[in-house]
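**Student:** please find the sequence and the predicted model below.
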Amino acid sequence: MQESLKNIEGFEISFHEKSKRIINIQIDDQIVERLIFPFKKFNITSLEYKPFTRFTIAKSLNDITSGKLEGILSSILRNRETGCFIIGPKNLSSKINQNFLVKLSTAITHLIGNPNHDAMTNKYYARFHVKHEDNSDSYLRKAYINMDLHTDGTYVKEKTDWLLMSKLEEENVQGGETYLLHLDDWEHLKDLFNDETGKQNFIWGSPKSKNIDYKVEHPIFSEDQKGNPQISYIDQFPEPKNMDQGLFLQKLSDSLEESKNKIILSLPVGSAIVANNYFWLHGRKAFKENKNLSRELLRIRGSFFNN
């Protein structure tokens, strides 16, 4: 691990037990205590209506680390070897309620970049429940169906460089573990990336619940400035133009789900996964049926600062 990732008081930084590609960051109780006062200065409505307040609480978090945290988080996400971290309080207490977690997620993301407007909720973030019964029009809230590996932002015009997913609450949950796959660990990357079909423009739509009134076109695979493969894909919303595209999507879906290099982990309540959206795919296992099942998640996604 880089030396710079080890030296930050009040934050325990290590490789995650499931993969050295994922950095685990635990926030000590003393840091939580120091965040309570600056976080209380703004309520959730202020954060929603006044975008500059989000940067104020982000600075409060960064100042506690003598300005180190911003660079560390950005470095992890931009590093092809890692590109993902899990962050959250080391210990949960009554002081760490859902409002605190929304503010913590807001602060973390505003050290990384600019969040996109989330049309689903008409805010800079989205909160959603997964429960026993569901009548929605996508896999997002369907508890008893696997959510296959995908990236975010496939059907919007905004750049989606990174995403944060925070677990705010869960009760009566079995199953529902998170799937993660780093693109470079995918056994079929070379084969699929070298297929020219994946570099054609695909049409991407979305269901009514997303509140997007347009469709976009873009390829599944592209390259970064260094020539490394990047992916933009979700299985639910592509509209193949012909047989070649349809069969390519089937092959892609099958080979992703069959990967033996998927990382499967349980995210603790209060913690957030933050990942580079160009070379990390994510998904979720189905839950075990329970009429009292409840999980609430928060999502923020956006673009890196240019500097």
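**Tutor:** Okay, I see it.
**Student:** make it CA atoms for all contacts and neighbour counts henceforth
**Tutor:** OK.
**Student:** tell me the pLDDT at Lys142?
**Tutor:** Each residue has a pLDDT score; the one for Lys142 is 83.
**Student:** that one is in contact with Val130, isn't it?
**Tutor:** Yes: assessed by Cα atoms under 8 Å, Lys142 is found in contact with Val130 at 6.7 Å.
**Student:** Phe193: how many residues sit nearby?
**Tutor:** Applying other Cα atoms under 10 Å, we find 19 residues neighbouring Phe193.
**Student:** who does the host helix or strand of Ile203 pair up with?
**Tutor:** Ile203 is part of strand 202-204 when elements are defined by DSSP states H and E. Strand 202-204 has its sheet partners listed here by DSSP bridges as strand 216-218 (antiparallel), strand 238-239 (antiparallel).
**Student:** which of the ones you listed is buried the deepest?
**Tutor:** Among the strands paired with strand 202-204, strand 238-239 has the highest mean neighbour count (mean count of other Cα atoms under 10 Å), at a mean of 20.
**Student:** chain center to that strand: distance?
**Tutor:** 22 Å (Cα atoms, centre = their mean, to the nearest Å).
**Student:** packing partners of the helix or strand following it?
**Tutor:** Next along the chain after strand 238-239, taking DSSP H and E as the criterion, comes helix 243-257. Judged by 3 or more Cα pairs under 8 Å, 6 or more residues apart in numbering; DSSP states H and E, the packing partners of helix 243-257 are strand 147-150.
**Student:** mind listing what's buried in the helix or strand following the strand it packs on?
**Tutor:** Next along the chain after strand 147-150, taking DSSP H and E as the criterion, comes strand 162-171. Neighbour-count burial for strand 162-171 flags Trp162, Leu163, Leu164, Met165, Ser166, Lys167, Leu168, Glu169, Glu170 (criterion: 16 or more other Cα atoms under 10 Å).
**Student:** could you give the bridge partners of the residue nearest to the fifth one when sequence neighbours are not counted?
**Tutor:** If you skip the residues right next to it in sequence, Ser166 has Ala272 as its closest partner in space, 3.9 Å away by Cα to Cα, 6 or more residues apart in numbering. Ala272 has the following beta-bridge partners by DSSP bridges: Ile87, Ser166.
**Student:** now do the contacts for Ala272.
**Tutor:** Ala272 makes contact with Ile86, Ile87, Gly88, Ser105, Leu164, Met165, Ser166, Lys167, according to Cα atoms under 8 Å, 6 or more residues apart in numbering.
**Student:** would you mind measuring from it to Leu189?
**Tutor:** From Ala272 over to Leu189 the distance is 27 Å, taken as Cα to Cα, to the nearest Å.
**Student:** and for Asn122?
**Tutor:** Taking Cα to Cα as the measure, Asn122 falls 36 Å from Leu189.
**Student:** what's the answer for Thr160, then?
**Tutor:** 21 Å.
**Student:** and the two? Which one has more around it.
**Tutor:** Thr160 (22 against 16).
**Student:** please state the backbone phi and psi of the more buried one?
**Tutor:** According to degrees, to the nearest 10, the main-chain angles of Thr160 amount to phi -130, psi 90.
**Student:** looking at it, it is touching Arg301, isn't it?
**Tutor:** Yes: here Thr160 reaches Arg301: they are 6.3 Å apart, a contact under Cα under 8 Å.
**Student:** sorry, back to before: how about the strands paired with strand 202-204 in CSV, adding mean pLDDT and distance to Asn114?
**Tutor:** Output for the strands paired with strand 202-204, formatted as CSV (pLDDT from 0 to 100; distance: least, Cα to Cα, whole Å):
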stretch, mean pLDDT, distance to Asn114
strand 216-218, 96, 21
strand 238-239, 96, 26
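**Student:** could these go into CSV alongside distance to Leu77?
**Tutor:** Listed next are the strands paired with strand 202-204 as CSV, based on distance: least, Cα to Cα, whole Å:
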stretch, distance to Leu77
strand 216-218, 23
strand 238-239, 27
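**Student:** so which of the ones you listed is nearest Asn277?
**Tutor:** strand 216-218 (15.3 Å; Cα to Cα).
**Student:** now the helix or strand following that closest one: buried residues?
**Tutor:** Using DSSP H and E, the next helix or strand after strand 216-218 towards the C-terminus is strand 221-223. By neighbour count with 16+ other Cα under 10 Å, strand 221-223 contains the buried residues Phe221, Ser222.
**Student:** contact partners of the helix or strand just after strand 221-223?
**Tutor:** Downstream of strand 221-223, the next assigned helix or strand under DSSP H and E is strand 229-231. Residues outside strand 229-231 that contact it (Cα under 8 Å, 6+ apart): Thr151, Leu183, Phe193, Ile220, Phe221, Ser222, Glu223, Asp224, Tyr278, Phe279.
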